[in-house]
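**Student:** Quick one: sequence and predicted model below, then my questions.
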Amino acid sequence: MENQKKEFLMQKARRIRALTVDEIAHLGQGHIGGSLSIVDALAVLYFDVMHIDPKNPQMDDRDRFVLSKGHGGPGLYATLAERGYFDVEMLHTLNQPGTLLPSHCDMLRTPGIDMTAGSLGQGISCAVGMAKAAKIFGKSYNVYCIIGDGESQEGQVWEAAMAAAQWKLDNFYLFLDYNKLQLDGYIADINACPNPAERWSAFGFDTQMIDGGDVAAIGDAIEKAKTVSGKPHMIVLDTIKGAGVQFVIDAAPGNHSISVSAEQRDEALKALGQ
């Protein structure tokens, strides 16, 4: 990735992080840790990779994105606002009565959301279905999906993986947010998932493991994946829960959903140069 594009995407990631912190601080509490760990991937997807049109969110040939780890919704909302799907001011309605931005993503409410997030494991199955539909109907779009490492304890994740490999869905790009934490502690202490790249490779995926906080590495990995046909793709993102915001990182392992004060928000925005 050339330096100019890298700097642009890094700036977008900083902006998305700032918006995420601000929207959660306005509410007072929210799913911040897992939102921040996927920001760099979201910046690359929405500002460089995906074929989308914010003015026409239902465009037939658009690329699809599914956030299977639905608690990362605030990060996705911030990305959509920055991309122009809706006004940034709407972020301050997060999870409030009558909002279009519920705690978990809802495709019937929010412009730009392609699939509702609910019980963990369901999103990846829907994403596989979207990719299969594209193959059946001869559509050119790709499907991108992010799952969590805690979410990977759901059997439905692996059922979807088997189907994607069986159907040779090379238009399916899956990302694992490997931040080593889940709602109630460290993955290693609850249900360990060592060597995730080896596991996904064994399930028939074209697999890479990269630094999930490096926009250039993410972009390059996607380009490399596009050269592989006949297999679905897995890019394991080695991330930090709360990445880019020190007080959230310091709150681990209990940083899945935390309170965010105005003072913490201001400190974080300053550190992010916003």
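**Tutor:** Perfect, thanks for sending it.

**Student:** Now do the strands in the stretch 51-200 of the chain.
**Tutor:** Here the stretch 51-200 of the chain has its strands, by DSSP state E, counting those that start in this stretch, at 64-67, 143-148, 172-178, 181-182, 185-186.

**Student:** Ok, which of those strands comes nearest Leu76?
**Tutor:** Among the strands of the stretch 51-200 of the chain, strand 64-67 comes nearest to Leu76, with 5.2 Å by CB to CB. Any C-beta I mention is one placed from the backbone N, CA and C, and that applies to glycine too.

**Student:** CA atoms only for the closest one, dumped as CSV, please.
**Tutor:** What follows is strand 64-67, C-alpha atoms only, in CSV (Å, rounded to 0.1, in the frame of the first residue of the first chain):
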residue,chain,number,x,y,z
ARG,A,64,-22.1,-6.5,1.6
PHE,A,65,-20.7,-6.2,5.2
VAL,A,66,-21.9,-8.2,8.2
LEU,A,67,-20.8,-7.5,11.7
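
**Student:** Quick check: which helices or strands does that strand pack against?
**Tutor:** With contacts taken as 3 or more CB pairs under 8 Å, 6 or more residues apart in numbering; DSSP states H and E, strand 64-67 sits against helix 122-136, strand 143-148.

**Student:** Parallel or antiparallel, list what pairs with the last one.
**Tutor:** Read it as strand 143-148. strand 64-67 (parallel), strand 172-178 (parallel) (DSSP bridges).

**Student:** mind listing what the spatially closest residue to Gly112 that is not a sequence neighbour touches?
**Tutor:** Spatial nearest neighbour of Gly112, excluding adjacent residues (CB to CB, 6 or more residues apart in numbering): Tyr85 at 3.9 Å. Residues in contact with Tyr85, defined by CB atoms under 8 Å, 6 or more residues apart in numbering, are Pro54, Pro57, Pro111, Gly112.

**Student:** Is it possible to get JSON lines of the strands paired with strand 143-148 that adds distance to Met234, mean neighbour count and mean pLDDT?
**Tutor:** JSON lines is the format used below for the strands paired with strand 143-148 (distance: least, CB to CB, whole Å; neighbours: other CB atoms under 10 Å; pLDDT from 0 to 100):
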{"stretch": "strand 64-67", "distance to Met234": "14", "mean neighbour count": "26", "mean pLDDT": "98"}
{"stretch": "strand 172-178", "distance to Met234": "5", "mean neighbour count": "27", "mean pLDDT": "98"}
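
**Student:** out of those strands, which comes closest to Met90?
**Tutor:** It is, among the strands paired with strand 143-148 and with distance given as CB to CB, strand 64-67, at 17.7 Å.

**Student:** re earlier: how close does the residue nearest to Gly112 sit to Leu19?
**Tutor:** Relative to Leu19, Tyr85 is positioned 13 Å away (CB to CB, to the nearest Å).

**Student:** The lengthiest helix in the chain: which residues count as buried?
**Tutor:** In the chain, ranked by residue count with DSSP state H as the criterion, the top helix is helix 3-27. Using 16 or more other CB atoms under 10 Å as the test for burial, helix 3-27 gives 6, 9, 12-27.

**Student:** Same question for stretch 203-213.
**Tutor:** So for stretch 203-213, counting by 16+ other CB under 10 Å, buried means Phe203, Gly204, Phe205, Asp206, Thr207, Gln208, Met209, Ile210, Gly212, Gly213.

**Student:** Could you find which two of these are furthest from each other?
**Tutor:** Among the buried residues of stretch 203-213, Gly204 and Gly213 lie farthest apart (CB to CB), at 27.6 Å.

**Student:** ok, now how distant is the residue nearest to Leu76 when sequence neighbours are not counted from Phe137?
**Tutor:** Spatial nearest neighbour of Leu76, chain neighbours left out: Leu67 (5.2 Å); criterion: CB to CB, 6+ apart. Distance, Leu67 to Phe137, by CB to CB: 24 Å.

**Student:** just Ala25 next, same as before
**Tutor:** From Ala25 to Phe137 the distance is 44 Å (CB to CB).

**Student:** CA atoms of stretch 257-265 as PDB?
**Tutor:** C-alpha atoms of stretch 257-265 as PDB (Å, rounded to 0.1, in the frame of the first residue of the first chain):
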ATOM      1  CA  SER A 257     -18.700  -2.500  28.100                       C
ATOM      2  CA  ILE A 258     -17.700   0.300  30.500                       C
ATOM      3  CA  SER A 259     -18.700   3.700  31.600                       C
ATOM      4  CA  VAL A 260     -17.000   6.600  29.800                       C
ATOM      5  CA  SER A 261     -16.900  10.000  31.400                       C
ATOM      6  CA  ALA A 262     -16.700  13.400  29.700                       C
ATOM      7  CA  GLU A 263     -13.200  13.800  31.100                       C
ATOM      8  CA  GLN A 264     -12.100  10.400  29.700                       C
ATOM      9  CA  ARG A 265     -13.600  11.400  26.300                       C
END
